[in-house]
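> Got a predicted model here, sequence first, then my questions.
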Amino acid sequence: MLACFPPGTLLYYLFGLLRTGQSRPQATLVSRNSLPVADSRELAIGTMYPAPVSFCSRLATIESVAASCVEPREGKERVEAIPITILKAELPSPAAPNLVTAKENEMPGETDLDRRLIQIDGEDAKPFLQNLVTNNVEKLANGLVYSALLTPQGKFLADFFMVPFGRTLLLDVHEKLADRTLNRLSLYKMRANVQFEILSEQVCRGIVNPPPGAFADPRHPSLGWRVYGTAECGTDQADWNAIRVAHCIPESCTELIPDSTYILEAGFDRLNGVDFTKGCYVGQEVTARMRHKTKLRKGLATVEINGSARTGDPIWANGREVGKIFTISGKLAIAFLRFDRLGDLELSAGDARVSLLPMPVSVEN
């Protein structure tokens, strides 16, 4: 794998005007669709969202599991990361196409408080990630790219959105996995010309009325849009758990457990989170073998619950444990199941009867 990483040859260009006492340089954003530039720091960054999507009105009971999902497992060897310097910064005020002011457009949606932004800069940023992550970095030309970082054994480490940001790119990652992701990237850095910077800007998301500069969520149309670098978000809140459960969309540190989950068992292939034609990446060999199996023996699925059951309850079939309940929304839930043990047996969890629902279909973006 070391031969895959191109050596770094140029110095990192961050604050070229500091010596003259001026403000720091502006980042350049590149987009297929250009809009008039507004001279303001309250800017939204990205490509135009294609169209509004429908809103799912199911109620959800928000439950959480695996709160300490980033802790090392007992008996597992801990990998020491190479120290890196992490800079705290704010997104610069870009002077580039496809930008709008938040003041001129009332922002719908809400702040996604569980996210952090990591900027990756340097001449080798894209080829560096291309050799590591599950999806194709070249797809950034079309908008957001959903992807993941795996262990060499093919197990999940972190998932994130890759966001095009001029000659650099951003990783939109769950806050509980941000430090873990940075440490792992630093292990692979070697001589590659890449630099990492944590940004303080917020992430906004919404379902309807996407603002100019919003990106479509690549996982599923029902998840709406995301926008980066806005001054403020609206206050309208969607029932995100209901949407996730209805379409069996896993969440970091809830259904997606570091060092445990295999991404194909979590449905990354139907969520546009993996590219099977891009070539090698860390964990690719195991993922490819699982894909060519005739049928997965276990994985996530949406189930119907008739009765009383709670998050974390085991699922039983004929006195044998065959799964576990994760996120619950009304009478539906995301569950992890051993498909090879189900057969035609009746399923139960807690005081409830559990029924397996048909698997959602893939949605191409």
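Great, that's in hand.
> Please report how far the residue lying closest to residue 235 once chain neighbours are set aside lies from residue 226.
Among residues not flanking residue 235 along the chain, residue 110 sits closest, at 6.5 Å (C-beta to C-beta, 6 or more residues apart in numbering). Every residue, glycine included, has its C-beta placed from N, CA and C. To residue 226, residue 110 is 11 Å away according to C-beta to C-beta, to the nearest Å.
> Over to residue 113?
Taken as C-beta to C-beta, the span from residue 113 to residue 226 is 14 Å.
> Settle it for me: which of the two has more neighbours?
Comparing residue 113 with residue 226 by other C-beta atoms under 10 Å, the one with more neighbours is residue 226, at 25 against 8.
> what about that one, which helix or strand?
For residue 226, the enclosing helix or strand under DSSP states H and E is strand 225-228.
> before we move on, back to that, where do the contact lists of residue 110 and residue 226 overlap?
Common neighbours of residue 110 and residue 226, using C-beta atoms under 8 Å, 6 or more residues apart in numbering, are 204, 205.
> So residue 243 is in contact with residue 237, correct?
No - counting by C-beta atoms under 8 Å, residue 243 sits too far from residue 237 to count as a contact (11.8 Å).
> In terms of neighbours, single out the busier of the two.
Between residue 243 and residue 237, counted using other C-beta under 10 Å, residue 243 has the larger neighbour count: 22 against 11.
> Tell me if that one really is in a helix.
Yes - the assignment for residue 243 (DSSP: H, G, I helix; E, B strand; the rest coil) places it in a helix.
> That one and residue 309, how far apart?
Taking C-beta to C-beta, one finds residue 243 at 20 Å from residue 309.
> Check residue 268 too.
Distance from residue 268 to residue 309, counting by C-beta to C-beta: 26 Å.
> Likewise for residue 152?
Distance of residue 152 to residue 309, given as C-beta to C-beta: 37 Å.
> Which one's more surrounded, those two?
Ranked by neighbour count (other C-beta under 10 Å), residue 152 and residue 309 place residue 309 first, with 23 against 11.
> Confirm that that one sits in a strand.
No - checked against three-state DSSP, residue 309 lies outside a strand; its state is coil.
> residue contacts, it?
325, 328, 333, 349, 350, 351, 352, 354.
> Save those as a markdown table, and put in neighbour count and pLDDT too.
Below are these laid out as a markdown table (neighbours: other C-beta atoms under 10 Å; pLDDT from 0 to 100):
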| residue | neighbour count | pLDDT |
| --- | --- | --- |
| 325 | 24 | 98 |
| 328 | 23 | 97 |
| 333 | 28 | 98 |
| 349 | 24 | 97 |
| 350 | 17 | 94 |
| 351 | 11 | 95 |
| 352 | 21 | 96 |
| 354 | 25 | 97 |
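> wait, which of those is closest to residue 186?
residue 325 (36.5 Å; C-beta to C-beta).
> Please tell me I have it right and that closest one contacts residue 308.
No - at 11.4 Å, residue 325 does not count as touching residue 308 under the criterion of C-beta under 8 Å.
> Just give the number of residues close to residue 265.
Neighbours of residue 265 (other C-beta under 10 Å): 19.
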